[in-house]
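Chemist: Need coordinates for the below:
(one chain, ligands or ions: 1)
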Amino acid sequence: MGVRKTGARAASAVSTWGLKHIARRPAANLPGRIALKIDPSIISELTDKIEEGSIVVVGTNGKTTVTNMIADMLEAAGKSVICNRTGANMQAGIASTLLQSKPGQWGVFESDELWFSKTLPELKATYVVLLNLFRDQLDRCGEIDRIQETITQALKDSPETTLIFNADDPQCAIIAKRVPNKTIAFGVDEDLQLAQNTVVDAQMCQNCSAIMDYAYRQYGQLGDYTCPNCGFSRPAFDFAATDVTLDSSGLAFSFACVGDANAHLNGARITSSFNAAYMLYNLMAISSVACVVGCPQEALQSTIDRFDPQNGRLQEMTIQGRPMLLNLAKNPTGFNQNLKIITQAEGKKVVAFFINDNVADGHDISWIWDCDFEELASQEDIVVYAGGIRKNDLQLRLKYAGIDAKIINSVNEMVDEALKMPAEWKMYAIANYTSLPAVRSALTSREDKRPVDHPTEGTLDPERSTSHRMPEAMKDQEPLRIVHLFPDLLNLYGDGGNVKVLENRCLWRGIPVQVDTVHYGQSADLAKADIVFLGGGPDREQKLASEGLFAMKDDIKAYVENGGVLLAICGGYQILGENWLMGDESVEGLSIIDAKTLRAGKGFDRLIDNIVLESPIAKLPVVGFENHAGRTKLGKDAKPFGTVISTVGHGNDDTSGADGVVYKNTIGTYLHGPLLGKNPEIADHLIACALFNKFGKPYPLDALDDAVEVAANNYMVSRLHTRKKQA
Ligand code: GLN
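Modeler: Numbers count the residues shown, from 1 in each chain. Sure, this is the predicted structure:
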């Protein structure tokens, strides 16, 4: 053993002991971190502890579940396994696991997407399982392209590794297409006929950037896709789920080994009491591993049957006899899957959402506006609570989904409230990454340990569970027409929430309103528009949107010059200027505003942060979140939308201290969040301008109760240091 390795091991052993005995914490990361400092190649040196082979699980959703189930399955098949079961999935977590484990026949590790470029080449795993790629923590990861590049490079650096990938996800399939490694494709070979969600992370061909055609979608971008332009399509399956049944009682499928009828699992019928579509994909990933490593069907099925996650992933428990389901959800796709689990269950429900915005969650939570919380509003009996660090934002988002959510300051408060409800109410707690451990420990401390006492009848009035606000329509008026341009391309950062805010603030005042969504390829009649909205998007989507908007250039210009109301966010704002840069290529803009967008030296040098502005349009500070590579320079007479007053955040560029532009009734800004949620004065300004245009005279807007909006605004302003003291 080398001196460094010995030193690294000794130092890590001391820190493990210290954490366990003095700090009384599990030693998930620190020992590895210390050992890596002393010996940076400690992971590759410790792989000699793994005797037969290793598996690395990567992807956005499902990593911990799949990793634990693969480890359980191998153990059920009689193998000894080294595994980072707690989900410590960065380099230090994997190093800690290897340091603390006895030698084993198999190594099974989950890896964080961005750390994968370090962990895989060191582990030189036999197999990599790539589950799915959804957007998650965009403030840490930039855009999904960056994660794809990282995973592709890591596989290229580890050419002996076989890639087992989800072929239904084009974002994974393009990686399989680009790497020299042996690949094995799995997926679901039939249309599950599931209801779709509003915002999809990827619509465009990963190969040539045309809009993809789908024979069917399962959820998100998963499904049977073909690019009409370059022919990139779902790869042929090696392993497919067929004859799938999926209903509230569970799921079942037949595992088909396409082209190898003699493979040992071919035709196996796999069943589970889990009933979410995403679990079908997780189980297909695990079954595919079972097939390639030769795990018997009994080991696979018994693992699924016994799987009782105690880590907050689909964790079931009872509290005073009431069922409680706890689950992790940390991005729109995961959240939407959870909302489906809740809405599909029968009966009355108490639901609590917990959202933190710590580093591991991502500081930006605009994505909650891309989740279809509206699905909950149509439930008959539901009580919703908003918790976690960003409870105010959550309450605000739920308000615009038609749900009157109550803020809770602790998990116990939620459980106390829920227990006042009659006994048949089921409880759900959905928590994002860093909020999960505290929610889980509070819930498990109250979990029933012995036969259940029957709860007393509750006193809480179920009436207050839902709030369906019915607008009083103003008679004989043409509705205010909001045109949402290209939501299929420019809608990745919760920007569509701006349209929900405008729409609801009209409805709440009884102003008739109509939202027209114009997808790429459709034509828009701007002559009848009262408010036009353009969101932001990743470069690839923005390029295609730019082309579509360029074809409408004269109409958009005439609309703006005539005083039409237009709100454009980030990528949409950039397109309004003279040009913007896609890599090194200059893309011609609409030249409606006097601005040019350049790039910083390096593509990854993005401006990503919370931001507070002072704007002449609002009395309250304007709060938002920015995430862009482009730097916009305004012409000398152009007026910015606001001055940056937070000590973090940049706005238009690194030096000007200004954000956005105001030109006539057009506002361009870098602020996501979405902008209008926490800044209702801006929303009302746009509505007032639109009504002025419509009626030719000022139209007084009724005051609304903006306590929720103002609380969410105040909270962020109080957290961010501002250069000027706010009134
Ligand atoms: N792709 C553009 C940029 O990075 C805009 C991104 C966005 O809309 N958030 O500059």
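
Chemist: gap between the residue nearest to Y715 when sequence neighbours are not counted and the ligand?
Modeler: Leaving aside its sequence neighbours, Y715 sits nearest to N392 (C-beta to C-beta, 6 or more residues apart in numbering; 4.7 Å). Using the backbone N, CA and C atoms, a C-beta is placed for each residue, glycine as well. As judged by C-beta to the nearest ligand atom, to the nearest Å, N392 and the ligand stand 23 Å apart.

Chemist: what about the residue of the chain found nearest the ligand, how many neighbours?
Modeler: At 2.3 Å from the ligand, G536 is the closest residue in the chain, using C-beta to the nearest ligand atom. Close neighbours of G536, defined as other C-beta atoms under 10 Å, add up to 29.

Chemist: Near the residue lying closest to R599 once chain neighbours are set aside, how many other residues are there?
Modeler: Leaving aside its chain neighbours, R599 sits nearest to L581 (4.6 Å; criterion: C-beta to C-beta, 6+ apart). Neighbour count for L581, taken as other C-beta under 10 Å: 19.

Chemist: And L634, its phi and psi?
Modeler: Dihedral angles of L634 (phi, psi; degrees, to the nearest 10) stand at phi -80, psi 150.

Chemist: Let me see the contact set for the residue nearest to Y715.
Modeler: Contact analysis of N392 by C-beta atoms under 8 Å, 6 or more residues apart in numbering lists A386, I407, V708, A711, A712, Y715.

Chemist: In which helix or strand does it reside?
Modeler: Under the criterion of DSSP states H and E, N392 resides in helix 391-400.

Chemist: Can you report the mean pLDDT over the residues of the next helix or strand after that helix?
Modeler: Next along the chain after helix 391-400, taking DSSP H and E as the criterion, comes strand 406-407. If you average the pLDDT over strand 406-407, you get 96.

Chemist: and what of stretch 353-371?
Modeler: 93.

Chemist: touching the ligand at all, it?
Modeler: No: using C-beta under 6 Å from any ligand atom, stretch 353-371 stays clear of the ligand, coming no nearer than 9.6 Å.

Chemist: starting at the chain centroid, how far to that stretch?
Modeler: 8 Å (C-alpha atoms, centre = their mean, to the nearest Å).

Chemist: how about it: buried residues?
Modeler: By neighbour count with 16 or more other C-beta atoms under 10 Å, stretch 353-371 contains the buried residues 353-357, 361-371.

Chemist: still on that earlier bit, isn't the residue nearest to R599 up against G630?
Modeler: Yes: if you go by C-beta atoms under 8 Å, L581 and G630 touch, sitting 6.6 Å apart.

Chemist: Show me which residues of this structure sit near the ligand.
Modeler: Neighbours of the ligand within the chain, by C-beta under 6 Å from any ligand atom: Y493, G536, G537, P538, D539, Q542, C570, G571, N627, H628, A629, G630.

Chemist: now, which of those residues lie within helices?
Modeler: D539, Q542, G571 (DSSP state H).

Chemist: Quick check: PyMOL command selecting the buried ones in these.
Modeler: Provided next is the PyMOL selection string for whichever of these are buried by 16+ other C-beta under 10 Å:
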select buried, resi 539+542+571
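
Chemist: Out of the ones in helices among the residues of the chain next to the ligand, the closest to D381 would be?
Modeler: G571 (40.9 Å; C-beta to C-beta).

Chemist: center of the protein, which residue is that?
Modeler: Compute the mean C-alpha point of the chain, and by C-alpha atoms, centre = their mean the closest residue is N331, 2.1 Å away.

Chemist: measure N579 to A595 for me?
Modeler: Distance, N579 to A595, by C-beta to C-beta, to the nearest Å: 9 Å.

Chemist: So which of the two has more stuff around it?
Modeler: A595 (25 against 18).

Chemist: so the more buried one bridges to which residues?
Modeler: In this entry, A595 is beta-bridged to L634, by DSSP bridges.
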